[in-house]
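> Pasting a predicted model and its sequence here:
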Amino acid sequence: MNNADDLDQRNQTGDGGGAQQPIPPATPATEQQNLTIQQAIDLAVEHHKKGELPQAESLYQQILHIVPDQPIALHLLGLIAGQVGKNDEAVTLITKALAIHPDYAEAHNNLGNVFKKIGRFDDAVASYRSALAIQPDNAETHSNLGVSLIHQGEFDAAVTSIEAAIALDPNSQEFRMTLTNAMQKRVEEYIFSLNTPDQDQRHSLAPLFAEPKGDALTVNLVYCPFVEPITPPLGMASLKAYLEKYGDTHVRCMDLNLEWHTNIAKGIDAATQPLRTGQALFQQDNDDFFDIDQYGETSVGFAEFIRKTHNQGQYDLCRDAPPSEQDTLSILKPLALDGNPDVVGFSILFKHQILCSLLLAKEIKRTHPETIIVFGGAGMLSSGQQIIQNPDVDFVVFEAGEAPFLELLNCIKSGTFNESIRGVAFKKDGAVINTKAAPGDLNHEAYPDFSEYPLDKYFTRNIVIPILSSKGCFWRRCSFCEEGSINQYSTASVRRVIDELEHHAANGQQYFQFVDEMITPERLRLISTEILRRKLKVYFYGTLRPSADFNAETLQLMHDAGWRYVIWGIESCHPRLLKLVRKGTSITTIHEP
């Protein structure tokens, strides 16, 4: 409904915006009566704008007592009815106004708002389309139509409507957020369709284990778009090191996400300039990077481009148009299949990677059905049970993937599958089989191997290496997080953590990010003490939970060891919300660190 501040008898629009339109005429009356009615409408609108609804309602009713079919008064009285929850009355009044004056665009729009409010989305869509037939340049009505189409599940039509709203009002953040929502809903719908094969489709493991493979297996691990191309992915580097140290496997790590962004940056399209500008600033080794104004302007444009392009990229993958030579899958498929691998493993960290990964897996299976497809990574925590339903996915590995993936590869190599491998899901005779995952062992001696990554191509001035010193979460009580209820908690010894840091430092790396879900202050004190004892010159950042244990002494010790900034996990400073999220933080502990 309209905000009171937007009311004007010559500009009645829906949800706060739109172009002016002449007042529809009343029924014949004397000139003096018309003047009195106009003044009454002006006064009523002023009361309405100030939120003085009883006074406005009284005036509208007086007008209708004199001229029962005055459409403006009927419409605005309907607005008040909707504002106070009398939705049926609002529909009746606005419909009556439209019967008198069918070309009253704002009334059509606001009738649509009432229908949308009460969940009558078919009627809302019809009302908004009537409004746009009269007033096609009203951005708010295009957006309202888009929102109702989202509720109907008509996501492509919703995108078209919201894009029309943005074309009319490019600066509206609300419209852009609505567009993102429509695109994401379309992507979710499409992923669901991919993961819901026909009931008569069965999946047999026999062809995958038809015969043993005599030579070492070749495994390509791929990391698909759409993620910010600023840091090398840890999961694949950890798997490569572990599989090559403890198994007979040749592993390649392929950051297809970085390749995709780099390929876009090679173009000359003016629309992609923010990406190239960011790439140039973030990768160059001069003082321009430290110019705060230049950095601020460039990073904002870069981040906005990334957000829009990632949303559009996912949405484009849902379209039925045939792929072109520059299509995402056409670019990525040859890279994923380079070297004719026996297994292609998809590492999923974020939900934005799922659609591209599934479609790439589908393309691989279409032309190379013998290639075994495995999905894994932190993204399986929330999406793995859905992904294993996909007919093109052979296996899903849950939680710490090193040991179960190695055992799965050994089965592939021997030609005999062990259905009891812990932490591996697969399909058998149309049913999904899950085995319970085991806690990860982080104390092995295989340090993550980043040698496959083109570290100089990431969109950052200094490469930051991710470090994982624990897996899962020791707290396991937060009401908003699946981590504690699903992933099992395990830690690497402090010695093992510092050995890994020392290994990377020996290879020329100096900057690190701790990517643990949560690290205790006591553990950070031990890590910092050992770094100082070994005299390592390294620098860190990480995300931590504010607690009273992070006192001045602990923070100073962390700084001495190389910690340079902390992202504190603060969901709220409201006592009731803090209690509801059960994170164990309080206003006092939030303010003390």
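Perfect, thanks for sending it.
> how far away is residue 546 from residue 587?
According to Cβ to Cβ, to the nearest Å, residue 546 and residue 587 sit 10 Å apart. Where you see a C-beta, it was placed from the backbone N, CA and C, and this is true even at glycine.
> quick one: residue 345 and residue 432, what's the gap?
19 Å.
> ok, now residue 562?
Going from residue 562 to residue 432 by Cβ to Cβ gives 45 Å.
> ok, these two, which is more surrounded?
Set side by side, residue 562 and residue 432 show more neighbours around residue 562, with 19 against 13, by other Cβ atoms under 10 Å.
> Give the phi and psi angles for that one, as a check.
phi 130, psi 0 (degrees, to the nearest 10).
> Ok, the one 3 residues further on next?
As for residue 565, its main-chain torsions (degrees, to the nearest 10) stand at phi -160, psi 150.
> Pull stretch 124-137 out as CSV, backbone CA atoms only.
Output in CSV follows, covering the C-alpha atoms of stretch 124-137 (Å, rounded to 0.1, in the frame of the first residue of the first chain):
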residue,chain,number,x,y,z
ALA,A,124,-2.6,-9.3,-8.1
VAL,A,125,-0.9,-10.1,-11.4
ALA,A,126,-4.1,-9.2,-13.4
SER,A,127,-4.4,-5.8,-11.5
TYR,A,128,-0.7,-4.9,-12.1
ARG,A,129,-1.0,-5.7,-15.8
SER,A,130,-4.1,-3.5,-16.1
ALA,A,131,-2.1,-0.7,-14.4
LEU,A,132,0.8,-1.1,-16.8
ALA,A,133,-1.5,-1.2,-19.8
ILE,A,134,-2.5,2.4,-18.8
GLN,A,135,0.8,3.6,-17.3
PRO,A,136,3.7,1.5,-18.7
ASP,A,137,6.4,3.7,-17.3
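> Distance from it to the middle of the chain?
How far stretch 124-137 lies from its chain's middle: 31 Å, per Cα atoms, centre = their mean, to the nearest Å.
> Show me where the stretch 301-450 of the chain has its strands.
Assigned by DSSP state E, counting those that start in this stretch, the stretch 301-450 of the chain shows strands spanning 343-347, 372-376, 395-397, 424-428, 431-434.
> same question, the stretch 151-300 of the chain
217-222, 249-254.
> Can you spell out which helices and strands pack onto the first one?
Spelled out, that is strand 217-222. In this structure, strand 217-222 packs against helix 234-246, strand 249-254, helix 328-336, strand 343-347, helix 402-414, with contacts taken as 3 or more Cβ pairs under 8 Å, 6 or more residues apart in numbering; DSSP states H and E.
> Just send those back as a markdown table, with mean neighbour count too.
Below are the helices and strands packed on strand 217-222 laid out as a markdown table (neighbours: other Cβ atoms under 10 Å):
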| stretch | mean neighbour count |
| --- | --- |
| helix 234-246 | 22 |
| strand 249-254 | 22 |
| helix 328-336 | 17 |
| strand 343-347 | 26 |
| helix 402-414 | 21 |
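> Take those and lay them out in JSON lines including distance to residue 455 and mean pLDDT.
Below are those laid out as JSON lines (distance: least, Cβ to Cβ, whole Å; pLDDT from 0 to 100):
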{"stretch": "helix 234-246", "distance to residue 455": "11", "mean pLDDT": "96"}
{"stretch": "strand 249-254", "distance to residue 455": "12", "mean pLDDT": "96"}
{"stretch": "helix 328-336", "distance to residue 455": "18", "mean pLDDT": "93"}
{"stretch": "strand 343-347", "distance to residue 455": "17", "mean pLDDT": "97"}
{"stretch": "helix 402-414", "distance to residue 455": "22", "mean pLDDT": "93"}
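> could I get the ones you listed as a markdown table with distance to residue 155?
Formatted as a markdown table, those follow (distance: least, Cβ to Cβ, whole Å):
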| stretch | distance to residue 155 |
| --- | --- |
| helix 234-246 | 31 |
| strand 249-254 | 31 |
| helix 328-336 | 20 |
| strand 343-347 | 25 |
| helix 402-414 | 36 |
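> closest one to residue 121 among these?
Nearest to residue 121 among the helices and strands packed on strand 217-222 is helix 328-336; the distance by Cβ to Cβ comes to 32.8 Å.
> which outside residues touch the closest one?
The contact list for helix 328-336 (Cβ atoms under 8 Å, 6 or more residues apart in numbering) reads 220, 222, 224-225, 254, 256, 259-260, 263, 313, 316-317, 323-324, 344, 356, 359-360, 363-364.
> same thing but 6 Å
Under the contact criterion Cβ atoms under 6 Å, 6 or more residues apart in numbering, helix 328-336 has outside partners 222, 254, 256, 323, 344, 359-360, 363.
> Most neighbours among these, please name it.
Going by other Cβ under 10 Å, residue 222 tops the contacts of helix 328-336 with 28 neighbours.
> That one pairs with what?
Going by DSSP bridges, residue 222 is paired in beta bridges with residue 254, residue 346.
> End to end on stretch 393-406, go ahead and measure it.
Start and end residues of stretch 393-406 are separated by 18 Å (Cα to Cα, to the nearest Å).
> Show the secondary-structure elements that the helix or strand where residue 557 lies is packed against.
Per DSSP states H and E, residue 557 falls inside helix 552-561. Packing partners of helix 552-561 (3 or more Cβ pairs under 6 Å, 6 or more residues apart in numbering; DSSP states H and E): helix 521-534.
> residues contacting the most centrally placed residue in the chain?
Central residue of the chain (Cα atoms, centre = their mean): residue 352, 6.0 Å from the mean position. Residue 352 makes contact with 226, 310 under the criterion Cβ under 6 Å, 6+ apart.
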